[in-house]
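Q: Following is a predicted model, sequence given first.
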Amino acid sequence: SDISVTNLGAITSASATSDVTAVGIFTDQSAGGATTINSSGSINANAGGIQVRQWNNAFNATVSSSAAITLGAAPAAASSTAAIAVTHVGSGNIEVNSSAPITAPDSKARGITTAQLGTGTTMINVTAATMTTGGNAIHINNTTDAGFSADNAGAVTVNVSPGVTVKGGVYGLFASTRSKAVVTVTNQGTISGGSNSLTGAVSLQGNTTSLTVPARLVVNNTGSISRTNAAAFAISTTNAGLEIVNDGTITGNIRSTPISVANGTTADSVKLRAGAVTGNVQLLNGNDDVEWTGGTYAGTLDLGNGSDTLKVTTPNVGNSAAILNGGDDVSTADGMIDVLTVQGVTSDALGANWRNWEKILLDASTITFTDAALATGSDPDMGLVATNGSNIKVGATFTLTGNLNLAAGTAFTGQGAGAGQFQN
């Protein structure tokens with residue numbers, strides 16, 4: 001039968017050494033039926049605010065909280081605590097809706113924890129207020145929990161609404177999967193992680209080495225995502241991919257290299273459309289695709305091994321703080337061809353900041369190189385290519401290493417004393 005709990009008042013749970021008895025609301029559904037929790041009254045507890053366990057059934061577990069949850073010091077016997085925790089083993093889905101403050105300062109304490117160990121999906125909606133925790137603010141575990149082991153490919157969706165702050169003492173959002181699950185984060189608020197150098201604001205971890213269809217972390221950001229002295233995004237799982245569409249603010253590195261874990265060969269996709277990104281972007285292996293159409297970028301964009309593409313349509317490409325690195329080298333001998341396309345742009349640029357591109361294509365653009373050198377490909381059909389009326393301007397001491405291909409109606413203008421070297 002179904003379990004339904006409604007809290008309209010105030011719940012206080014006394015301190016205890018057990019991780020169960022100090023919980024505000026606790027349900028354990030094993031008979032077969034849905035579980036629904038609606039809490040519009042406050043909860044003050046130590047080991048947990050709302051804890052739901054849904055065992056071996058096809059029914060959903062839904063938790064909605066519209067009043068404050070405050071966690072005190074975690075019991076010594078507890079490995080972790082959570083304001084809201086839902087574990088599901090079966091084919092039903094998990095849904096958590098939080099629209100009120102969550103305060104859990106203990107280093108063991110998390111804000112929202114879900115463990116989907118069956119075949120269902122997970123949705124977390126944070127629609128109002130502030131979540132502040134000593135541990136991970138949002139913690140998603142689709143691998144092991146309560147003695148169960150899973151390979152759940154169900155979709156994971158996290159929505160953070162405008163005006164919401166999600167602040168974790170460790171991770172802002174942590175997801176662990178060893179399946180082909182897609183974890184989609186839509187952030188319109190603020191997500192931040194702690195200062196530990198090994199953590200990220202948003203992180204995907206696990207082991208998906210054997211999968212032909214990999215896990216993916218998809219982030220749509222119109223708000224703010226930040227970390228101090230570490231990664232805004234960290235993927236430390238093999239054979240996993242990253243997709244980012246940014247119209248907001250990202251501060252911190254993207255996809256930092258994990259310790260003792262090799263990243264996979266899955267292609268990544270990054271779209272910088274507006275806002276500001278400050279930090280290094282390291283995409284590692286795979287045929288990655290990056291589009292920079294608006295906003296500012298400061299850092300090193302490194303596409304790593306593979307045949308990668310970067311298309312830039314903003315004059316901010318001339319920012320001296322932006323280093324665009326295609327990856328391995330400028331030779332096609334290894335079978336990897338990296339292409340930088342600059343389209344419809346008039347800007348100054350530093351040739352030294354455009355690194356390891358077998359082919360640089362200028363399309364309807366006027367680029368003035370303000371330093372002394374640019375290196376690009378020298379293999380057939382590679383090199384610096386100007387099309388659609390593009391104009392390349394250089395100074396007196398400029399050296400081009402690589403091919404130069406000028407289509408009809410384009411120009412290469414050497415300015416100054418004419419002492420530059422243009423070599424093929």
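A: Great, that's in hand.
Q: from here on, contacts and neighbour counts on C-alpha atoms
A: Will do.
Q: Can you give me the pLDDT of Val170?
A: pLDDT recorded at Val170 is 89.
Q: got the buried residues for stretch 375-392?
A: For stretch 375-392, a neighbour-count test (16 or more other Cα atoms under 10 Å) marks 375-379, 382-392 as buried.
Q: so where is the stretch 101-250 of the chain shaky, pLDDT-wise?
A: 143-153, 178-180, 195-199, 205-215, 228-230, 235-240 (pLDDT under 70).
Q: residue contacts, the spatially most central residue of the chain?
A: For the chain, the residue nearest the mean C-alpha position is Phe233 (4.3 Å; Cα atoms, centre = their mean). By Cα atoms under 8 Å, 6 or more residues apart in numbering, the contact list for Phe233 reads Gly200, Ala201, Val202, Ser203, Gly252, Asn253, Ile254, Arg255, Ser256.
Q: if you set the cut-off to 7 Å instead, what comes out?
A: By Cα atoms under 7 Å, 6 or more residues apart in numbering, Phe233 lies in contact with Gly200, Ala201, Val202, Ser203, Asn253, Ile254, Arg255.
Q: returning to that earlier point: what's the closest of the buried residues of stretch 375-392 to Ser365?
A: Ser390 (4.7 Å; Cα to Cα).
Q: how about the closest one, what does it touch?
A: Leu362, Asp363, Ala364, Ser365, Thr366, Thr410, Ala411.
Q: separation between the fourth one and Asn388?
A: Taken as Cα to Cα, to the nearest Å, the spacing of Ser365 relative to Asn388 amounts to 8 Å.
Q: swap in the second one?
A: Separation of Asp363 from Asn388 (Cα to Cα) stands at 6 Å.
Q: Name the SS class of Gly377, please.
A: What DSSP: H, G, I helix; E, B strand; the rest coil gives for Gly377 is coil.
Q: For Gly92, give me its contacts.
A: Gly92 touches Asn57, Ala58, Phe59, Asn60, Gly120, counting by Cα under 7 Å, 6+ apart.
Q: Which two among those are spaced furthest apart?
A: Asn57 and Gly120 (10.4 Å).
Q: Give the residues shared as contacts by these two.
A: Gly90, Ser91, Gly92.
Q: Name the SS class of the last one, please.
A: Using three-state DSSP, the three-state assignment for Gly92 comes out as coil.
Q: what does the model give it for pLDDT?
A: 91.
Q: From Asn159, how far out is it?
A: Taken as Cα to Cα, the span from Gly92 to Asn159 is 20 Å.
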